[in-house]
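[1] using only what follows, build the 3D model:
(chains A and B)
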Amino acid sequence: MNRYEIGIVETRNVIKTLLDTYGYDFRDFALTSFKRRLEDVIMKNGLRDSEGLINRLQSNKDFFEHFLKDITPETTEMFRDPSLWRSLREDIIPAIVKSSSKLKIWVAAFDSGEEIYSLCILLKEMDLLDKFQITASTISDEVTKKIKSGRLDIKQLEVNEANYDRSNGTKRYADYHTIASNNSAIIIDSSLVSDVTFVKQDTLFSNAPSGMRLVLFRNQLIYFNQILQDKALNAIHNSLAPGGYLALGAKETLENTNSNNKFTVVNDAEKIYRKKVG
Amino acid sequence: MYKAVIIGGSAGSFQVITRILSSLPANFPLPVLLSLHRLKHVRSGFVEALSIKSAIPVIEPYDKDQIKPGKAYLAPANYHMFIELGNKFALSTEPPVNHSRPSIDLSFVTAAQVYREKLIGIILSGANKDGAYGLKKVCDNGGITIVQDPIECQVKTMTESALKITKVDHIMKTDQIIRFLQNIKQ
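    Numbering: from 1, shown residues only, chains lettered A, B, ... in the order given. Model prediction:
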């Protein structure tokens, strides 16, 4: 009945191992959710406790790659917050196309794929997919491989379909996927992302791309404490062209960060911001 | 002596919550954390509905907002609401727990870890077992546990699941819960 619970000291020991052994810095992740995901990894892999996890991490590099995939927060829905996607379709993307010839978008979220596919479907329906350069961050090669496979959880089909319809998609969601023969998964048309550049990113965003017109960074700040929130937003601010747009999650706000005065609010309900010029 | 009240509810809990919020004194000395099942794709409307009769402000917190006394905080649609060290909220889009996001269990477990014996946990009417494990954790950490009397619940599953695994401090009707909260003095 009782779920395994990892203590704060043990959590810090795991974080130290990740930093010492692999140079990955999780020190400024939000503690509650990070602890919880560590507990999930420990249970899922039949490890007894944090000691077991540390031993496995130290002795097995392949396990570390799995670990990165499992520790990465998931968006878990296509077109999450349909009203955000409507705003991108009706206002933001047209404004970008009108004002600039360098059409660059960065999906900075450590995403399991849904955000990237949603964006590509949207651009395809606007006849703009081949006009935009899209860069997507991923924390491990395994995640990139999974995204490129197009496999999505079949349990999410109904939600994803409803979200797509509410986002004012111009076709049918079913036009973009097939169902695996044993009903085990939804296979999204992976050619949608064939021109997306996947960049392996560390947790400090040290190799952020530049000149972006739009950065999608939704529901990622929630996994960081305020120190890392400020670092990430700094990197994103640097990567945006002046006047470039930033979309956060519906319940994330710049007001709790140091970056608040560097952006103007474009759409408060959808948390779309714009980098101030000059 | 207490630091927070946390309330979990689902089907049949709306009117109970409304009555509780309308009966609290305007200077209620604690934050009231509300983890309630709700439609995931409807972001607006719920907080407004709860606000109409509430004696204290009802807020849907943003990530990392400070938790303050005398306010009610409603877990936002399609997010889990965690209580983080430093008396802040942390939201999460991790997969649903007990088919629910927000999950009552997750809000209760994290609140119990932060507030320990200074937490009052209340489970109301509802149609699944979400919240039962969370209330047990409130108990394990020394907090006060209250379950709405199943006789009075529109749907009993949630309260009965909670009672099954925890020897709670109080089984109360809505009126008694209200009196209990009104009598809290800091």
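
[2] name the surrounding residues that touch the helix or strand hosting B:A112.
    Per DSSP states H and E, B:A112 falls inside helix B:104-115. Contacts with helix B:104-115, where a contact means CB atoms under 8 Å, 6 or more residues apart in numbering or on different chains, come from A:32, A:36, B:3-4, B:6, B:8-10, B:33, B:35-37, B:75, B:80-85, B:87, B:92, B:97-98, B:119, B:121, B:123, B:126, B:130-135, B:137-138, B:140-141, B:143. From N, CA and C alone the C-beta is placed, and that goes for glycine too.

[3] try stretch A:39-55
    So stretch A:39-55 is in contact with A:3-7, A:10-11, A:13-14, A:17, A:38, A:56, A:63, A:67, A:70-71, going by CB under 8 Å, 6+ apart.

[4] so where is the stretch 151-278 of chain A shaky, pLDDT-wise?
    When residues are selected by pLDDT under 70, none of them lie in the stretch 151-278 of chain A.

[5] likewise chain B?
    Along chain B, the model assigns pLDDT under 70 to no residue.

[6] tell me which element the spatially most distant residue from the centre of it falls in.
    What lies farthest from the middle of chain B is B:H41; by CA atoms, centre = their mean that is 20.8 Å. With the criterion set as DSSP H and E, no secondary-structure element contains B:H41; it sits in neither a helix nor a strand.

[7] so it makes contact with B:N78?
    Yes: proximity of B:H41 to B:N78 meets the contact threshold set by CB atoms under 8 Å, at 7.2 Å.

[8] quick one, which of the contacts of helix B:104-115 are buried?
    Buried residues within these, defined by neighbour count using 16 or more other CB atoms under 10 Å in any protein chain shown: A:32, A:36, B:3-4, B:6, B:8-10, B:33, B:35-37, B:75, B:80-84, B:92, B:97-98, B:119, B:121, B:123, B:126, B:130-135, B:137-138, B:141, B:143.

[9] from those, which land in helices?
    A:T32, A:R36, B:A132, B:Y133, B:G134, B:L135, B:K137, B:V138 (DSSP state H).

[10] between the residues you listed, which is nearest A:K262?
    Proximity of those to A:K262, judged by CB to CB, is greatest for A:T32, which lies at 28.0 Å.

[11] tell me the spacing between that closest one and B:C139.
    With distances defined as CB to CB, to the nearest Å, the gap from A:T32 to B:C139 amounts to 20 Å.

[12] about what we covered before: starting at the chain centroid, how far to the helix holding B:A112?
    Taking CA atoms, centre = their mean, to the nearest Å, the mean C-alpha location of helix B:104-115 is offset from the chain mean by 10 Å.

[13] angle of it against helix B:132-140?
    With axes from the mean of the first three to the mean of the last three CA atoms, to 10 degrees defining the directions, helix B:104-115 sits at 20 degrees from helix B:132-140.

[14] count the neighbours of A:D153 for me.
    Taking other CB atoms under 10 Å in any protein chain shown as the neighbour definition, A:D153 ends up with a count of 17.

[15] do A:Q58 as well
    Here the neighbour count serves as a burial measure; for A:Q58 (other CB under 10 Å) it reads 14.

[16] nearest residue to it other than its sequence neighbours?
    Leaving aside its chain neighbours, A:Q58 sits nearest to A:T21 (5.8 Å; criterion: CB to CB, 6 or more residues apart in numbering or on different chains).

[17] the stretch 51-200 of chain A: strands as residue ranges?
    A:104-107, A:133-138, A:151-153, A:177-179, A:185-188, A:197-200 (DSSP state E, counting those that start in this stretch).

[18] neighbouring contacts of the third one?
    What it means is strand A:151-153. Residues external to strand A:151-153 that are found in contact with it (CB under 8 Å, 6+ apart): A:T76, A:M78, A:G113, A:E114, A:N160, A:H177, A:A180, A:A185, A:I186, A:I187, A:I188.

[19] residues from chain A in reach of chain B?
    Contact residues, chain A versus chain B (CB under 8 Å from any CB of the partner chain): A:1, A:3, A:30-33, A:36-37, A:73-76, A:80-83, A:159, A:162-163, A:166, A:219, A:221-223, A:226, A:229, A:249-253, A:255-256.

[20] farthest-apart pair in the contacts of strand A:151-153, please.
    Looking at those by CB to CB, the two members farthest from one another are A:T76 and A:A180, with 18.4 Å of separation.

[21] quick one: which of the two has more around it?
    Just comparing A:T76 and A:A180: by other CB under 10 Å the higher neighbour count belongs to A:T76, 21 against 12.

[22] how close does the nearest residue to the more buried one once chain neighbours are set aside get to A:N234?
    If you skip the residues right next to it in sequence, A:T76 has B:P95 as its closest partner in space, 5.8 Å away by CB to CB, 6+ apart. Distance, B:P95 to A:N234, using CB to CB: 30 Å.

[23] before we move on, the earlier item: now for the ones in helices among the buried ones among the contacts of helix B:104-115: which two are most distant?
    Comparing all pairs in those by CB to CB, the longest separation belongs to A:T32 and B:A132, at 20.3 Å.

[24] any idea which strand is longest in chain A?
    Of all the segments of type strand in chain A, defined by DSSP state E, the longest one is strand A:240-247.

[25] flag every buried residue along that one.
    When neighbours are counted by 16+ other CB under 10 Å, the buried residues of strand A:240-247 are found to be A:L240, A:A241, A:G243, A:G244, A:Y245, A:L246, A:A247.

[26] try stretch B:165-184
    Taking 16+ other CB under 10 Å as the basis for neighbour counts, the residues of stretch B:165-184 that come out buried are B:T166, B:V168, B:D169, B:I171, B:M172, B:T174, B:I177, B:I178, B:F180, B:L181.

[27] what's the answer for stretch B:27-44, then?
    Using 16+ other CB under 10 Å, the residues of stretch B:27-44 that count as buried are B:28, B:30-38, B:40-41, B:43.

[28] now those residues as TSV including distance to chain A?
    Putting those into TSV (distance: CB to the nearest CB, whole Å) gives the following:
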residue	distance to chain A
B:F28	24
B:L30	20
B:P31	17
B:V32	19
B:L33	14
B:L34	15
B:S35	14
B:L36	15
B:H37	16
B:R38	14
B:K40	8
B:H41	7
B:R43	6
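
[29] now for the residue of the stretch 1-150 of chain A found nearest chain B: which residues touch it?
    The shortest separation between the stretch 1-150 of chain A and chain B is 4.4 Å, found at A:T32 (distances taken as CB to the nearest CB). Listed by CB under 8 Å, 6+ apart, the contact partners of A:T32 are B:F82, B:I83, B:E84, B:L85, B:A90, B:T110, B:Q113.

[30] now it. Nearest residue, chain neighbours left out?
    The spatially closest residue to A:T32, leaving aside those adjacent along the chain, is B:F82, at 4.4 Å (CB to CB, 6+ apart).

[31] again, but for A:N225
    For A:N225, the nearest residue in space outside its immediate sequence neighbours is A:D28; the separation is 5.0 Å by CB to CB, 6+ apart.
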